[in-house]
Each structure stands twice: as C-alpha cells, then as structure tokens.
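Novice: Coordinates for the following, if possible.
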Amino acid sequence: MSSSGFADLILYNGLITTMNRSHPEAEAVAIKEGTFIEVGSDADCILNCRGPHTRLIDLRGQRVIPGLIDSHIHLIRGGLNFNLELRWEGVRSLADAMAMLREQVDRTPAPQWVRVVGGFTEHQFAEKRLPTLDELNAVAPHTPVFILHLYDRALLNGAALRAVGYDKNTPNPPGGEIQRDAAGNPTGLLLAKPNALILYASLAKGPKLDPDDQVNSTRLFMRELNRLGVTSVIDAGGGFQNYPDDYQIVDRLAKDDELTVRIAYNLFTQSKGGELGDFQRWSDLLAPLAGSETYRHNGAGEMLVFSGADFEDFREARPDLPPNMEPDLEAVIRHLVQKRWPFRMHATYEETICRALDVFELVNRDIPFDGLHWWFDHAETVSLQSIERIKALGGGIAVQHRMAFQGEYFAERYGAKAAEQTPPIRRMLEAGLPVGAGTDATRVASYNPWTSLSWLVTGKTVGGMRMYGEGNLLDRHTALRLWTHSNTWFSHDEGRKGQIAVGQLADLAVLCRDYFAIPEDEINELYAELTVMNGKVVHGSGPFADHAPPLPPASPDWSPVNRFGPYRHHTPGAGMFTNTKNNPAKFLSSCCSTPCGVHGHAHAKALASSVPADDRGFWGALGCACWAF
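Specialist: Model prediction:
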C-alpha cells in the first residue's frame with residue numbers, strides 16, 4: 001500500500017456495534033480523511049492500513065457505537081445561552097437544586113440573572129415539587145431568578161419581576177396568565193394557558209452574552225453533546241431565533257472549522273400572519289440542502305404557521321386550532337413543495353395531524369410531493385389511520401422523549417391507558433414509516449440522549465413512573481437504531497453516516513460501559529469516554545483523556561458551567577469538568593481524617609449526591625466541610 005493510502009487513525013481492541021446488518025460487529029476501524037476505510041478485525045485494520053504516521057488508539061475492549069444523531073434539538077439557540085444557564089438535569093432532590101441556586105446567586109454579578117431553563121421536571125426530585133416563590137425570594141432577594149419548568153410555567157422572584165417590568169397594570173397575553181395576589185400584583189408565577197409565549201417572551205428580556213462569549217458558549221454546548229456521544233444534530237429552529245441574525249455565531253464556527261457536531265438546520269417562521277413571506281424570502285436566499293457535510297440547510301419548520309401550533313402543555317386541555325389553520329398552512333406547503341424544500345411540522349395531537357394531512361393531501365394532488373422528505377415532530381397521540389396516511393404521502397415521524405418528563409401530567413388528564421401509546425412508536429415501525437429519535441432540548445426535555453434511550457427501552461419517566469407495557473417498548477438495538485442509522489433519513493444522509501461502515505463518515509462514540517450489558521435502569525447514566533467526529537477526536541475522558549483537545553473554561557468566569565458543569569451524572573468521573581468531587585481517591589483522602597457534622601465517615605455515600613462542593617453552600621451551612629477544599 002502506498003503511503004497515501006495509509007490510515008490517519010486506527011482504533012482497535014473494541015466491541016464495535018456497527019449498525020450495519022451485513023457486518024454487525026467488529027474489533028477495529030481505520031479512518032482516513034474523515035471516512036472509514038476499513039472495518040473488521042484488529043489484524044485487518046492494523047496490518048492493512050497502518051503507516052508510519054498512523055495514530056493508534058487502544059479501545060481497551062469497550063463498547064463502540066456510531067456517533068449519535070439527535071433528529072430534533074435546538075442547538076443553535078441553546079448554544080447562545082448555554083453558559084448563562086444553571087442545569088438541574090440529573091439533580092435528584094429539590095434541596096440539592098436549591099443549594100446550587102443559592103451558590104450561583106452569590107456568584108452572579110448584577111444585572112445578570114440566574115436561569116434554570118428546562119431539562120428537568122419536578123417529578124425527578126425526591127420532594128416531587130418545585131420551589132415556592134417564597135423560597136426563591138429567600139435565597140435571592142436582589143438577583144433576578146428565572147426558572148422555566150417544561151412548557152407549563154415559569155417562576156420569577158421579585159427581582160426578576162422588576163427586571164421584566166411586570167406590575168398590576170401588565171395585561172395577560174392571549175393564552176397565558178400572570179398570576180396575581182389579592183391586590184392584583186404579580187406573584188412571580190407565569191402560566192401557559194396553554195400558549196408558552198409568555199414564558200419565552202419573559203426569558204428573552206434577560207441580558208445576553210456578548211458575541212465572543214456566545215462563541216465560547218456554543219463550543220461548550222457542542223463539547224457537552226460530544227461527551228454524551230452525539231456527533232450530529234438536526235436543529236429545529238425556535239421562537240425568537242431569527243435567520244440570519246441569530247445564526248452568525250454558528251456560521252462563524254463553521255467557517256473557522258470549529259464545529260464538533262454536524263448541524264443540519266431547519267428554519268422556523270418568526271412572523272405570525274407573515275409566515276409565507278418568511279419562507280419566500282428564505283427560499284430566495286437558500287437552495288434546498290445548501291451547505292456542507294458539517295453544516296447545512298435542511299428545510300422548513302418545525303413551526304410552519306402559528307395557527308397550527310398545538311402547545312404540548314398536558315396540564316391544560318388540548319387547544320382547538322382556529323379555522324384559518326388550513327388556508328395558512330396550504331399557502332406555505334404549496335410554496336415549499338414548489339421550491340422542493342423539505343419540511344417538518346410540530347404536532348402533538350391527532351386532531352392537529354389529521355387536519356394537516358388534509359392540507360398535505362390536497363397540495364399533493366396539485367403538486368406531487370414525489371419523494372420530498374417531510375415529517376411530523378412529536379405525534380404523541382397520532383392514530384393508526386393517520387400513520388397510514390403519512391406513509392402514503394412518503395412522510396415520517398420524529399419522536400422525542402417529552403413524555404419522560406410530562407408522562408405523569410398526561411396520565412393524570414387522560415388516564416394511564418391512554419398514556420400507554422404516547423407516542424405509539426412500535427406501531428409506527430410496524431407500519432414501515434421512517435422513524436427517528438431526538439430530545440427536543442433544551443427548553444423542555446434534557447439534551448441527554450441516554451435519557452431518551454432509557455425511556456425507549458424501559459418505558460419509564462424520569463420520575464420513575466412506568467408508562468408503557470411490552471407492546472410499546474423497544475429492544476436496545478432498535479432504540480439505538482433510531483438514534484443512529486434511522487435518523488439519517490431526516491437529514492438526507494442515508495448511506496453517508498449512521499453506521500460504522502466502509503465509505504461512511506467516521507463518527508463514533510466509545511462508551512464508559514456496555515450499553516447492551518448493563519441493567520436497563522442504568523442506561524441513563526451512560527456517556528462517552530471517547531468521541532470521534534469526521535475522523536477527529538472531539539472528546540476524551542477517563543483512559544482517553546490524553547487524546548482530548550483542550551476544553552476552554554466557560555466565559556464569563558461567573559458562568560454556572562464553570563462551577564457546576566452541565567448534566568449531573570451520579571457516576572464519579574462522568575462530569576464535563578475535572579474537580580475533586582469526581583475523583584474518589586482525592587475526595588476520600590481529603591476529608592475522611594475526621595468526621596464531619598453531617599455525614600460522619602459516610603463520605604463515599606455522600607459522594608453520590610449532587611450537592612455543591614462549597615463551604616458556603618447547603619451542606620456547609622449545616623456544618624459539613626466535606627467538599628470545602
């Protein structure tokens with residue numbers, strides 16, 4: 001073999017799940033110029049592809065999977081705000097969450113806010129409740145605090161109410177409520193009824209990061225996704241995310257070759273009543289699927305018309321969409337099909353899906369879809385009849401694990417029996433639909449793909465409620481396929497990625513434990529110890545830490561990410577940032593010489609808690625200095 005044919009990188013001695021039915025398992029891969037050139041045994045790769053400059057990495061017998069693909073996430077918007085947000089994802093008690101909040105209040109300078117924006121549910125807490133407004137005001141009398149809980153409510157302390165300017169004269173917006181006391185003054189509780197616009201409009205009033213900090217924030221969010229094994233996403237746009245203005249940061253990173261996640265982005269209308277104009281203007285700027293393998297346009301949606309938005313707040317009754325939904329939607333769909341733009345549509349309820357299908361079928365009779373990729377997002381209550389209609393039109397369904405966060409509310413309103421098929425994933429697959437998986441992060445569910453995979457396999461919410469029987473559960477291999485190979489249909493990447501196969505893009509993740517062997521209730525604790533995107537190492541930890549590119553600190557320096565990191569695992573060593581709490585040996589040697597006032601000598605058990613490591617924090621206030629070093 002000539003030197004020009006040698007691999008750039010060989011990974012060997014692994015348990016590789018390829019998701020390629022013709023070659024399902026392998027030991028090693030060889031990569032050149034971002035593509036797999038050999039997949040097979042150690043001997044195949046090392047003997048055939050190793051050259052004088054080839055880099056070798058021993059996988060130490062660990063499980064390897066294709067890089068995960070999130071078919072529905074709001075990465076671009078989330079990246080602009082990642083460094084601003086305190087994460088309660090994975091925190092198991094409200095006491096721990098409030099201790100984190102208290103400490104971040106002390107760290108946050110005026111006029112900045114402390115924000116907890118989605119990714120958690122009250123049901124994950126041992127206390128099974130949210131903080132009270134009195135508790136928020138006690139820990140933060142002067143610093144604005146904004147807490148977004150799913151799509152149903154936001155909690156604002158008094159300082160935040162003053163910052164957003166709400167008083168007794170502020171009217172309730174359509175579909176929303178500013179809760180008031182007996183004197184008519186806002187209490188700090190904002191409710192979606194069921195329109196969540198009041199929640200997002202209030203959040204948008206907060207200070208933003210400057211452009212350089214937004215670059216850092218977006219890079220760290222991508223690296224956090226890499227840490228969880230994600231190498232590709234389809235960005236679903238979002239409210240208050242204007243094109244092209246709010247895409248300048250990700251454009252800059254793409255031009256500088258600093259993306260560590262492949263991004264295909266959909267454009268989300270921003271103009272109520274002017275949706276067609278948005279898409280006409282954008283289709284003049286962008287050809288269908290314009291861009292590169294790393295960063296490109298992916299069509300329209302998830303919001304196509306405001307009149308078609310059926311808000312997924314299961315604490316409220318299903319909204320009845322207005323009669324102008326059909327003509328609004330028809331005008332947009334006709335334009336998109338004429339321009340050959342793929343499209344996606346947010347639809348929670350069967351009633352919305354059925355009405356939208358009437359429109360799609362009407363347009364298809366005049367302007368055939370003819371293989372154009374389109375799909376519904378969410379589809380929690382889609383019927384078997386609608387599944388067949390979607391199939392007949394060549395569409396698909398992208399499902400997200402929103403029910404893992406909202407299942408308790410759905411069951412309370414509609415009953416446990418109805419919740420057993422929300423969404424009916426097995427029936428979608430049996431019908432032969434393209435089906436892919438994602439998170440809908442960051443403002444509702446967590447961006448952690450393993451929370452989704454756990455939900456698909458176990459049928460449990462993050463609060464522990466079992467929703468599904470065997471008839472709607474997936475085996476681990478099928479669930480993983482929805483996160484890899486199956487998701488390529490939604491970004492028009494069939495045959496290009498999603499499998500570890502010769503000729504495909506070299507994206508993979510080496511897991512901390514074996515996904516196929518661990519107990520199913522531990523799936524949500526998985527993460528990657530090595531992630532490769534486009535043939536380059538983009539994340540490394542544990543035994544692969546030396547292979548990782550440097551990770552910059554979050555900016556500004558008071559960012560919650562610097563203190564707490566992002567998703568809080570319960571496995572030592574899983575965190576994004578190194579600290580003593582994630583180092584059991586250092587932890588025990590530092591604090592076990594004498595008992596503390598709270599834990600005695602039971603520090604190993606205390607290590608599993610997510611309580612902050614600070615003598616000013618919750619435990620420190622109770623006389624425990626375990627983490628104060």
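Novice: any low-confidence regions in this structure?
Specialist: By pLDDT under 70, the weakly predicted segments of the chain are 1-4, 572-629.
Novice: give me the element the residue positioned nearest the centre of it is part of.
Specialist: Centroid-nearest residue in the chain, with Cα atoms, centre = their mean: Y447, separated by 2.3 Å. Assignment of secondary structure by DSSP states H and E places Y447 within no helix or strand.
Novice: Okay, it and V117: tell me how far apart.
Specialist: 12 Å (Cβ to Cβ, to the nearest Å). (Glycine included, C-beta is placed from N, CA and C.)
Novice: and what of I10?
Specialist: Distance from I10 to V117, by Cβ to Cβ: 41 Å.
Novice: related to what we said a few turns ago, and the residue nearest to the centre of the chain, how far is that from I147?
Specialist: For Y447, the distance to I147 (Cβ to Cβ) stands at 18 Å.
Novice: ditto for L86
Specialist: As it turns out, when the distance is counted by Cβ to Cβ, L86 lies 9 Å from I147.
Novice: Could you tell me which residues touch both of those two?
Specialist: Contact criterion Cβ atoms under 8 Å, 6 or more residues apart in numbering; residues bridging L86 and I147 by contacting each: 115-116.
Novice: what residues are up against S217?
Specialist: Applying Cβ under 8 Å, 6+ apart to S217 gives the contacts 79-84, 209, 554-555.
Novice: Assumed it was part of a helix.
Specialist: Yes: applying DSSP: H, G, I helix; E, B strand; the rest coil, one finds S217 inside a helix.
Novice: Just the contacts of S217: which are in helices?
Specialist: Filtering the contacts of S217 for membership in helices, criterion DSSP state H, returns 79-81.
Novice: out of those, which are buried?
Specialist: Buried residues within these, defined by neighbour count using 16 or more other Cβ atoms under 10 Å: 79-81.
Novice: Which positions in stretch 474-485 come out as buried?
Specialist: Applying a neighbour-count criterion of 16+ other Cβ under 10 Å, one finds 474, 476, 478-485 buried in stretch 474-485.
Novice: in what helix or strand does the residue nearest to R50 when sequence neighbours are not counted lie?
Specialist: Nearest in space to R50, with sequence neighbours left out and distances taken as Cβ to Cβ, 6 or more residues apart in numbering, is I10 at 6.1 Å. Counting by DSSP H and E, the element that carries I10 is strand 9-12.
Novice: Tell me the helix or strand right after that strand.
Specialist: In the C-terminal direction from strand 9-12 (assignment by DSSP H and E), the next one is strand 15-17.
Novice: follow-up on the earlier one: ok, the residue nearest to the centre of the chain - contacts?
Specialist: 70, 73, 78, 89, 119, 224-225, 228, 439, 441, 567.
Novice: For these, which single residue is the most surrounded?
Specialist: L225 (31 neighbours; other Cβ atoms under 10 Å).
Novice: any idea how far that residue lies from R153?
Specialist: For L225, the distance to R153 (Cβ to Cβ) stands at 27 Å.
Novice: Then D245?
Specialist: 29 Å.
Novice: Compare the two and say which is more crowded by neighbours.
Specialist: Taking neighbours as other Cβ under 10 Å, D245 and R153 compare with R153 leading, 20 against 7.
Novice: Bridged to that one, which residues?
Specialist: H149, L191 (DSSP bridges).
Novice: and what of I10?
Specialist: A30, L56.
Novice: you'd agree it is up against L47?
Specialist: No: taking Cβ atoms under 8 Å as the contact criterion, I10 and L47 are not neighbours in contact, 10.4 Å apart.
Novice: which one of those two has more residues nearby?
Specialist: Legend: neighbour count by other Cβ under 10 Å for I10 and L47, higher for I10 (25 against 10).
Novice: what's the distance between that one and C49?
Specialist: Separation of I10 from C49 (Cβ to Cβ) stands at 6 Å.
Novice: One more: G299?
Specialist: Going from G299 to C49 by Cβ to Cβ gives 38 Å.
Novice: Which one of those two is surrounded by more residues?
Specialist: Between G299 and C49, G299 has the larger neighbour count (other Cβ under 10 Å), namely 26 against 23.
Novice: hey, where'd the strands end up in the stretch 401-550 of the chain?
Specialist: Listed in chain order, the strands of the stretch 401-550 of the chain (DSSP state E, counting those that start in this stretch) span residues 435-438, 508-511, 528-533, 536-540.
Novice: Contacts for the last one, please.
Specialist: Yep, that's strand 536-540 we're talking about. 34, 223, 226-227, 231, 260, 528-532, 544, 546-549.
Novice: pull the CA atoms of it into PDB?
Specialist: Output for strand 536-540, consisting of C-alpha atoms alone and laid out as PDB, is shown next (Å, rounded to 0.1, in the frame of the first residue of the first chain):
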ATOM      1  CA  LYS A 536     -11.000  13.600  14.600                       C
ATOM      2  CA  VAL A 537     -11.200  13.100  18.400                       C
ATOM      3  CA  VAL A 538     -13.500  15.700  19.700                       C
ATOM      4  CA  HIS A 539     -13.900  14.400  23.300                       C
ATOM      5  CA  GLY A 540     -11.900  12.200  25.600                       C
END
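Novice: Mind listing the strands it pairs with, and their directions?
Specialist: Paired strands of strand 536-540, with direction, are strand 528-533 (antiparallel) (DSSP bridges).
Novice: Surely G34 and Q504 touch.
Specialist: No: with contact defined as Cβ under 8 Å, G34 and Q504 do not form a contacting pair (10.1 Å).
Novice: which of those two has more neighbours?
Specialist: Neighbours per residue (other Cβ under 10 Å) separate G34 from Q504, with Q504 holding more: 21 against 17.
Novice: The more buried one: what's it in contact with?
Specialist: Counting by Cβ under 8 Å, 6+ apart, Q504 makes contact with 35-36, 495-498.
Novice: Put the buried members of those residues into a PyMOL selection.
Specialist: Burial among the contacts of Q504 is assessed by 16+ other Cβ under 10 Å; the matching PyMOL selection reads:
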select buried, resi 35+36+497+498
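Novice: all strands in the stretch 101-250 of the chain, in order from the N-terminus.
Specialist: Residue ranges of the strands in the stretch 101-250 of the chain, as given by DSSP E, counting those that start in this stretch, are 114-117, 145-149, 153-156, 176-180, 186-192, 230-235.
Novice: returning to what we had before: for the strand holding I10, name the packing helices and strands.
Specialist: If you count contacts as 3 or more Cβ pairs under 8 Å, 6 or more residues apart in numbering; DSSP states H and E, strand 9-12 packs onto strand 28-32, helix 42-49, strand 55-58.
Novice: Mind putting these into TSV with distance to I198?
Specialist: What follows is the helices and strands packed on strand 9-12, written out as TSV (distance: least, Cβ to Cβ, whole Å):
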stretch	distance to I198
strand 28-32	49
helix 42-49	56
strand 55-58	50
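Novice: most neighbours per residue, which of these?
Specialist: Sort the helices and strands packed on strand 9-12 by mean neighbour count, taking mean count of other Cβ atoms under 10 Å, and strand 28-32 sits at the top with a mean of 26.
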